[in-house]
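Peer 1: Sequence first, then the predicted structure, then my questions.
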Amino acid sequence: MLYDNACLLECYCKAYFITKDETFFITAKKIASWITEEMQSSTGGFFSSIVADSDAGEGYYYIWDKLEIKENLDEYQYKIFSKHFGLNKKCNFENKYHLYVSYDTKNEFESRIKSTDKISIQKSIEILLKIRNKRKKPFTDEKILVSWNALSINSLVEFYKISKATQYVD
C-alpha cells in the first residue's frame, strides 16, 4: 500500500541521515523508485495500492515455492539465499514462502550479517525478480487519496534531501 511505503521511506531516509549507513540509503532508494515507477499515475498523483489477490490466489505474485527457488538458483546461491530468508523454517504463507528476513536473537542477527554473501543474495534476488515479473501482475487500485499522496510526497522530499536526485521531486 502507498501509505505504508511512504512511512517506511521516511524512516529509512531519517535512519540514513543519522547513521550514514549505506544499507538504509539503498533501501530508501528502492522504496522511492517503487513509489514513482509502480504507483505514480500519468497525471502525477499516486495510486493507493496494488491488490494482493490475483486469479491464481491470494499473494500469488509475491510468494514462492521452495522448489521453484531451488530450480532457478545454483547450489551456492540457493544455500546462501535459503539461509538468509529462512527457507529451512516452516512455510509462512499458504504452504509457500513470503520472503522476508527475520532473526530470533541478537546473536543470530549479528552472525548472519557478518556471514552473508551480499553479492550472491543480490544476484539471487535479481534472478527471482525476473521470474516474478513474468507472472501476471496484480490489480492496481487507482484511487488517488490526498492524505496518502501527501505522505508520499513528503517522503519523496525526504529522499531528495539525502540523495539530491531531482527525479523524485520533479
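Peer 2: Arrived safely, thanks for sending.
Peer 1: Provide a list of residues in contact with the nearest residue to Tyr60 once chain neighbours are set aside.
Peer 2: Closest residue to Tyr60 apart from its sequence neighbours, by Cβ to Cβ, 6 or more residues apart in numbering: Ser54 at 4.8 Å. C-beta: built from backbone N, CA, C; applies to glycine. Ser54 makes contact with Tyr60, Tyr61, Lys136, Pro138, Phe139, according to Cβ atoms under 8 Å, 6 or more residues apart in numbering.
Peer 1: Checking Ser54 next. Helix, strand or coil?
Peer 2: Three-state secondary structure (criterion: DSSP: H, G, I helix; E, B strand; the rest coil) places Ser54 in coil.
Peer 1: ok, now how distant is it from Ser147?
Peer 2: 27 Å (Cβ to Cβ, to the nearest Å).
Peer 1: got it, and Ala56?
Peer 2: 32 Å.
Peer 1: looking at this, Tyr103 is in a helix?
Peer 2: No: assessed with three-state DSSP, Tyr103 is coil; it does not lie in a helix.
Peer 1: With adjacent residues omitted, what lies nearest to it?
Peer 2: Phe109 (4.0 Å).
Peer 1: That neighbour touches Ser102, doesn't it?
Peer 2: No: counting by Cβ atoms under 8 Å, Ser102 is not a contact partner of Phe109; they are 9.3 Å apart.
Peer 1: of these two, who's got more company?
Peer 2: Taking neighbours as other Cβ atoms under 10 Å, Phe109 and Ser102 compare with Phe109 leading, 13 against 10.
Peer 1: hey, C-alpha coordinates of the helix or strand bottoming out on mean pLDDT in the chain in PDB?
Peer 2: Every helix and strand of the chain was ranked by mean pLDDT, DSSP states H and E. The lowest is helix 106-115, at a mean of 75. Extracted in PDB, the C-alpha atoms of helix 106-115 (Å, rounded to 0.1, in the frame of the first residue of the first chain):
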ATOM      1  CA  LYS A 106      20.500 -10.500  18.500                       C
ATOM      2  CA  ASN A 107      23.300 -13.100  18.200                       C
ATOM      3  CA  GLU A 108      21.600 -14.700  15.200                       C
ATOM      4  CA  PHE A 109      21.300 -11.300  13.600                       C
ATOM      5  CA  GLU A 110      24.900 -10.400  14.200                       C
ATOM      6  CA  SER A 111      26.100 -13.800  13.000                       C
ATOM      7  CA  ARG A 112      24.100 -13.700   9.800                       C
ATOM      8  CA  ILE A 113      25.000 -10.100   8.900                       C
ATOM      9  CA  LYS A 114      28.700 -11.000   9.200                       C
ATOM     10  CA  SER A 115      28.500 -14.200   7.200                       C
END
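Peer 1: That'll do, ta.
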